[in-house]
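K.L.:
Quick one, what's the 3D model for this:
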Amino acid sequence: MPTVDASTLEGRVILVTGGARGLGFAIAQILHEAGANILLADLREDEAVNAASKLGLQRVTPIFMDVGDEASVRDSMREIAAPYGRLDAIINNAGTDITAPLTELAVADWDRVVRTNLTGPFLVSKYGIPVLSSGGHIVNIASTAARRAWPNASVYHASKWGLLGLSHAMHAELRPQKIKVSAIIAGGMKTPFLLDRFPDIDESTLQDPRNVANAVRFVLMQPEGTVIPEVMVLPMKETSWP
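P.N.:
This is a model prediction of the structure:
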């Protein structure tokens, strides 16, 4: 496998899961603007195609991927490896949530959220590592929900705390293989993830997702001998963090 040139994103092959909208699309957009080849993966294939067209389709490949389904991830990785023969970075961004009291939370909903938010990054990383370049990078999108808790979000907290733990475990395990692992702890953003579910939310307390996407770009651009295992990106009026 070729070695990643840490000084630039130009020409890098980067997979972004959940890339069709919200933070995922902002990440794809920022990295594409920096010259990367984007593999834009999403559970909604039509939305992945639409998102890719917004980026101009040059250096962007829309991919259907259900991150919580092992066969889907395995088959997608084979498809990814075909045109480029490698990956330089994986952005584990795909996520979902359900707001409900613990006693009313359906077991099926618990399974769905954990499968997407925690099992998904595990599967994408597991099948992505064999095609990652030397010096490749895995970035896991966590949340302030991995550091504190609020009511009616037990499964989201469990999945994001788990993802943060998984990210640090991967960091320790993969360093000898020259693979970097970073967790981005993102505060509230102006994305459909919040705005569609909480229409009364005060948008002035939220940040532009491109600000978080720029943090992803920052960790990907660290010199070869440096890795940032964790970084927190908060809006100035963050309400979910002291």
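K.L.:
Please name the nearest non-neighbouring residue to Pro223.
P.N.:
Nearest residue to Pro223 in three dimensions, chain neighbours excluded: Ala6, at 5.4 Å (CB to CB, 6 or more residues apart in numbering). C-beta here means a position set from N, CA and C on the backbone, and glycine is covered the same way.
K.L.:
Surely the one you found touches Val219?
P.N.:
No: look at Ala6 against Val219 with CB atoms under 8 Å: they stay out of range, at 10.9 Å.
K.L.:
Would you mind measuring from the residue nearest to Pro223 to Arg12?
P.N.:
According to CB to CB, to the nearest Å, Ala6 stands 10 Å off from Arg12.
K.L.:
If you count surrounding residues, which of these two has more?
P.N.:
More crowded of Ala6 and Arg12, by other CB atoms under 10 Å: Arg12, with 24 against 17.
K.L.:
List every C-alpha atom in the helix or strand bottoming out on mean pLDDT in the chain, with coordinates, as CSV.
P.N.:
Ranking every helix and strand in the chain by mean pLDDT, DSSP states H and E puts helix 192-195 at the bottom, with a mean of 74. Extracted as CSV, the C-alpha positions of helix 192-195 are listed here (Å, rounded to 0.1, in the frame of the first residue of the first chain):
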residue,chain,number,x,y,z
PRO,A,192,-31.6,17.9,10.1
PHE,A,193,-30.5,15.5,12.9
LEU,A,194,-31.6,18.2,15.4
LEU,A,195,-33.8,20.6,13.4
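K.L.:
next helix or strand past that helix?
P.N.:
Downstream of helix 192-195, the first helix or strand assigned by DSSP states H and E is helix 209-220.
K.L.:
ok, back up a step: ok, and for the least confident helix or strand of the chain, which residues are buried?
P.N.:
Neighbour-count burial for helix 192-195 flags Phe193, Leu194 (criterion: 16 or more other CB atoms under 10 Å).
K.L.:
Which neighbouring elements make contact with that helix?
P.N.:
Packed against helix 192-195 by the contact rule (3 or more CB pairs under 8 Å, 6 or more residues apart in numbering; DSSP states H and E) you find helix 22-33.
K.L.:
what angle do the following helix or strand past the helix it packs on and helix 22-33 make?
P.N.:
The helix or strand immediately downstream of helix 22-33 is strand 37-42, counting by DSSP H and E. If you take axes from the mean of the first three to the mean of the last three CA atoms, to 10 degrees, strand 37-42 sits at 170 degrees to helix 22-33.
K.L.:
Let me see the ranges of the helices in the protein.
P.N.:
22-33, 45-54, 70-84, 107-114, 120-128, 154-174, 192-195, 209-220 (DSSP state H).
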